[in-house]
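> Got a predicted structure plus its sequence, pasted below:
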Amino acid sequence: MAEIQLADVFVEMADTLVDDFDVIDFLHVLAERCVQLLGVSAAGLLLTDQQDTLQVVAASTERTRLLELFQLQTDQGPCVDCFRTGRPVSVADLPSAGRWPRFTAAAAEVGFAAVHALPMRLRSDIIGALNLFDTKAGALDEDKLRIGQALADVATIGLLQQRAIRRRDTLTEQLQTALNSRVLIEQAKGVLAERLHLDVDKAFAVLRSDARNHNRRLSELAQAIVDGSLHLPPATASSGSG
Amino acid sequence: MNADRRMRLWRMVIEQAQGRPFAVEHVCVAAISATGVDSAAVSLMLRATPRETIYASDHVASELEELALTLGEGPGVDGFAGSPTLVGDLTASHCLARWPVYAPAAASAGIRAVFALPLQVGAIRLGVLDLYRAGPGDLDREQLADALVLADTACALLLDTVQRDPPRWDGRWPERAGPHHPEVHQATGMITVQLGVTAAVALIRLRAYAYAHDRRLRDVAGDVVARRLRFDAGDGGEDRSGS
């Protein structure tokens, strides 16, 4: 991994943070960059819903099978352990670890052998975790773990950046708003999939490219699509990418 | 662990209902007891009227709902806009600046703390659950978690009472409304197009279908997303199998 690439990513993130950004879009880009920088197969960001459960808010790819795998870790899995202890969890080879049988089986089905989880911390609070999956078994080296943790910290900063966080109530506002935005985006994916006869997994790319092309926030666009106040023409679908 | 919390709170709601159909008032009473507040209210955002209070546990709650409606400001109004608004002390200077008319008026009505929790599922905004306390102070972590679960319960109850008889306790736990498996929300979006209805109606139909067929919501949603199940307009929203 080239140093310049790492610097580029942090410059990109810093640029976003000083602008008026959409938190789901920001976390999605961060998850994509984790995959590129750390050489893993997939990355996801999970946040606490403050009701003892983690919810996936962004992932490097929007394959529903992958989203379900992240979401499966509501009661068991490396991510839950990381969230509960506040410490990184790194599993180089899931089957031989012999823990979390249900999660291990589901991960194997999607083709993952190794999994890592890094905590998202805000002072004494753990607000979520960065979850990394790899199709090849193997540990993440020290350097990559450090970079991964830095990216998890950037995710936390991004999530909380819009207001100074002094009290838990403001943290609650940010967390709940991010979680609800995620629900909104799933609803918009469903609308687009049905309207444009697309696979749901492809709908996110359409949504995101339209938001970028028209310089709109992802969640505002999603709201307009679900309300029916905006229809994306089918032409947008074919030009959708990334 | 989340299931334990939901079950404990749901038992409180069942106890309140005492065999009668569940209503938001039972959720409000459970919320008062679980979060240590003095009163609670639920207001809905309906198309015909900007805001309508459907339940207030006492005179003070009712007065404060009315105040928010009249002034168009306050934590409950901000809660409507989609973000939980938790105010441990209305007389704090930043609160007086944020709600210059509401905050002093609420304080003189004897209320120092207001916790407004939106009743929403993504794009679907039903209303707000407002909790009121005479004494100042934030909700602690446990109280906040309970309040969020109960707001979700109120949301589920509102969605489920539209199309079928008000639910009674029949041994089945109601499905949660908010954060769920992604397919539930994807299916909701697909059904809005299939039936030409709002997202709220789409989710109501999806939940009613799962309930009527005694299936898990996420399994039915999975069938919709995989296009094994379609909702069709014109026959009361009953399904036919897709190809």
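Arrived safely, thanks for sending. Residues are numbered from 1 along each chain as shown, chains lettered A, B, ... in the order given.

> Surely B:L9 forms part of a helix?
Yes. Counting by DSSP: H, G, I helix; E, B strand; the rest coil, B:L9 is located in a helix.

> tell me the SS of the closest residue to it other than its chain neighbours?
If the residues on either side of it in the chain are set aside, B:L9 comes closest to B:V149, at 5.4 Å by Cβ to Cβ, 6 or more residues apart in numbering or on different chains. All C-beta spots, glycine's among them, are computed from the backbone N, C-alpha and C. Following three-state DSSP, B:V149 is assigned to helix.

> Ok, A:Q51 next?
Classified using three-state DSSP, A:Q51 is coil.

> Tell me how far B:A106 lies from B:W99.
Plainly put, B:A106 is 8 Å away from B:W99 if you go by Cβ to Cβ, to the nearest Å.

> Overlap of the contact sets of these two?
B:G74, B:L90 (Cβ atoms under 8 Å, 6 or more residues apart in numbering or on different chains).

> Show me which of the two is the more surrounded one.
The residue with more neighbours, out of B:A106 and B:W99, is B:A106; 27 against 23, by other Cβ atoms under 10 Å in any protein chain shown.

> so how far is stretch B:216-234 off the chain centroid?
Centre-to-centre, stretch B:216-234 and its host chain are 24 Å apart (Cα atoms, centre = their mean, to the nearest Å).

> Can you give me the domain boundaries for chain B?
Per automatic domain parsing, the domain ranges recorded for chain B read B:2-163, B:182-241.

> In CSV, list those along with mean pLDDT.
CSV is the format used below for the domains of chain B (pLDDT from 0 to 100):
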stretch, mean pLDDT
domain B:2-163, 91
domain B:182-241, 89
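
> what's the closest of those domains to A:I127?
When these are compared by Cβ to Cβ, domain B:2-163 sits nearest A:I127, at 12.4 Å.

> Dihedrals phi and psi, the residue in chain A positioned nearest to chain B?
With Cβ to the nearest Cβ, the shortest gap between chain A and chain B falls at A:G190, namely 2.3 Å. The phi/psi pair for A:G190 (degrees, to the nearest 10) reads phi -60, psi -40.

> Now do the contacts for the residue nearest to it when sequence neighbours are not counted.
Once flanking residues are discounted, A:G190 sits nearest to B:G189: 2.3 Å by Cβ to Cβ, 6+ apart. Residues near B:G189 by Cβ under 8 Å, 6+ apart: A:E186, A:Q187, A:A188, A:K189, A:G190, A:V191, A:L192, A:A193, A:E194, A:V226, B:A199, B:A202.

> Please identify the buried residues of the helix or strand hosting the third one?
A:A188 is part of helix A:168-195, with elements assigned from DSSP states H and E. Neighbour counts over helix A:168-195 (16 or more other Cβ atoms under 10 Å in any protein chain shown) mark A:168-195 as buried.

> so who does the spatially most central residue of chain A touch?
Nearest residue to the geometric centre of chain A (Cα atoms, centre = their mean): A:A58, 2.4 Å. By Cβ under 8 Å, 6+ apart, the contact set of A:A58 is A:I24, A:L27, A:H28, A:L30, A:A31, A:G44, A:L45, A:R182.

> Would you check which pair of these lies furthest apart?
Between all members of the contacts of A:A58, the farthest pair (by Cβ to Cβ) comes out as A:L30 and A:R182, at 14.2 Å.

> what about the helices in chain A?
For chain A, the helices defined by DSSP state H occupy A:3-17, A:23-38, A:64-71, A:78-85, A:94-97, A:101-110, A:142-160, A:168-195, A:200-213, A:218-227, A:234-239.

> which of those helices is buried the deepest?
Mean neighbours per residue, mean count of other Cβ atoms under 10 Å in any protein chain shown, is largest over these for helix A:168-195, with a mean of 24.

> Just to check, A:H28 is in contact with A:T61?
No. The pair A:H28 / A:T61 is not scored as a contact, 9.8 Å apart, by Cβ atoms under 8 Å.

> Kindly reformat the contacts of A:A58 as JSON lines containing pLDDT and distance to chain B.
JSON lines is the format used below for the contacts of A:A58 (pLDDT from 0 to 100; distance: Cβ to the nearest Cβ, whole Å):
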{"residue": "A:I24", "pLDDT": "91", "distance to chain B": "12"}
{"residue": "A:L27", "pLDDT": "94", "distance to chain B": "15"}
{"residue": "A:H28", "pLDDT": "93", "distance to chain B": "14"}
{"residue": "A:L30", "pLDDT": "94", "distance to chain B": "19"}
{"residue": "A:A31", "pLDDT": "95", "distance to chain B": "15"}
{"residue": "A:G44", "pLDDT": "95", "distance to chain B": "12"}
{"residue": "A:L45", "pLDDT": "95", "distance to chain B": "14"}
{"residue": "A:R182", "pLDDT": "94", "distance to chain B": "8"}
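
> The residue nearest to B:L9: neighbour count?
The burial count for B:V149: 25, using other Cβ under 10 Å.

> go on, the one 3 residues further on?
The number of residues packed around B:D152, counting by other Cβ under 10 Å, is 26.

> and it, helix, strand or coil?
helix.

> isn't it right up against B:G178?
Yes. In this structure, B:D152 is within contact of B:G178 by Cβ under 8 Å, at 4.8 Å.

> count of residues packed around A:D134?
A:D134 - counted by other Cβ under 10 Å - has 23 other residues nearby.

> Name the nearest residue to A:V35, ignoring sequence neighbours.
Per Cβ to Cβ, 6+ apart, closest to A:V35 is A:S60, 4.6 Å.

> who touches the one you found in this structure?
Counting by Cβ under 8 Å, 6+ apart, the residues that A:S60 touches are A:H28, A:A31, A:E32, A:C34, A:V35, A:A42, A:A43, A:G44.

> With that, I have no additional questions.
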